[in-house]
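Asker: Quick check, what structure comes out for this input:
(one chain, ligands or ions: 1)
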Amino acid sequence: MRKGDIRKASVIVGENWSKRYQRTSAVEMKAEFANKVYPPKYVVAEEGGEVVGLGGYIQSWMDYHVYNIFWIAVEPRQQGRGIGTKIVRKIISDIKKKIGESSAHMVLLTTDKPRFYSKKFGFRILASFGDMEHKLMGLKLNK
Ligand SMILES: CC(C)(COP(=O)(O)OP(=O)(O)OC[C@H]1O[C@@H](n2cnc3c(N)ncnc32)[C@H](O)[C@@H]1OP(=O)(O)O)[C@@H](O)C(=O)NCCC(=O)NCCS
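Answerer: I've put the predicted structure just below:
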C-alpha cells in the first residue's frame, strides 16, 4: 500500500461495513507510515491503477509468534473474482517471509465468513462469539 491508496482502501471498508469503520480504518492505515515500533502492514489489489481490495496484518504484542489479519475487503462489484484469495495468499506469504526459519507461528483473524478462510487456506475455527456469530479462526504456520 502507498500513502495515496488510503482514501480508496478506506472507502472499500466503508462500502462493506460502515462509515464509522471507514473513518477508523483510515486512521489505522496511516499508522503504517508513522514509523511505529511494530506498524501494521497493508496489501492492496489494483486493477487499471485503481485500488479494488485490501487487507492488513500486524505482529501481535500478545506474543511475537502470533500475527493478526484484519480488514480483508474487496469492492462489492469486484467480489467473487479471486481478488480476496490473492490478498490473503499474499499476506500469508509475507508473514512466512518475516518468520524465516524460526519456530511455528499462529495467524489469527475474526470473521463472519469462516468458509472463505477454511476452504481456501486451512484456517480452523477456534471460538464463536458475539451477536453476529463471529468466529475466531487460526492457522498454524510451520516453516
Ligand atoms: C470475503 C471477501 C474478502 C472474499 O473476497 P472475494 O474476492 O469476493 O473472494 P474470491 O473471489 O477470492 O472467492 C474465494 C472463494 O470464497 C467464496 N466466497 C466469496 N465470497 C464469499 C462470501 N461472502 N461468503 C462465503 N464464501 C465466499 C467464493 O465462493 C470463492 O470460492 P471458489 O473459488 O471455490 O468459488 C469479499 O467477498 C468481501 O470483501 N466481503 C465483504 C467484507 C468481508 O466480509 N470480509 C471478510 C471478513 S473479515
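Asker: Assign a three-state SS to the closest residue to the ligand within the chain, would you?
Answerer: When distances are taken as C-beta to the nearest ligand atom, the chain reaches nearest to the ligand at Gly84, 2.0 Å away. In this view, the C-beta of every residue, glycine as well, is placed from N, C-alpha and C. Following DSSP: H, G, I helix; E, B strand; the rest coil, we place Gly84 in the helix state.
Asker: so it sits right up against Ile72, yeah?
Answerer: Yes - at 6.3 Å, Gly84 counts as touching Ile72 under the criterion of C-beta atoms under 8 Å.
Asker: which element is Val52 on?
Answerer: Using DSSP states H and E, Val52 falls within strand 50-59.
Asker: List the strands paired with that strand, with their directions.
Answerer: Its sheet considered, strand 50-59 pairs with strand 41-47 (antiparallel), strand 66-74 (antiparallel) by DSSP bridges.
Asker: For those strands, give me CSV that also has distance to Ser118 and mean pLDDT.
Answerer: Below are these laid out as CSV (distance: least, C-beta to C-beta, whole Å; pLDDT from 0 to 100):
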stretch, distance to Ser118, mean pLDDT
strand 41-47, 21, 97
strand 66-74, 14, 97
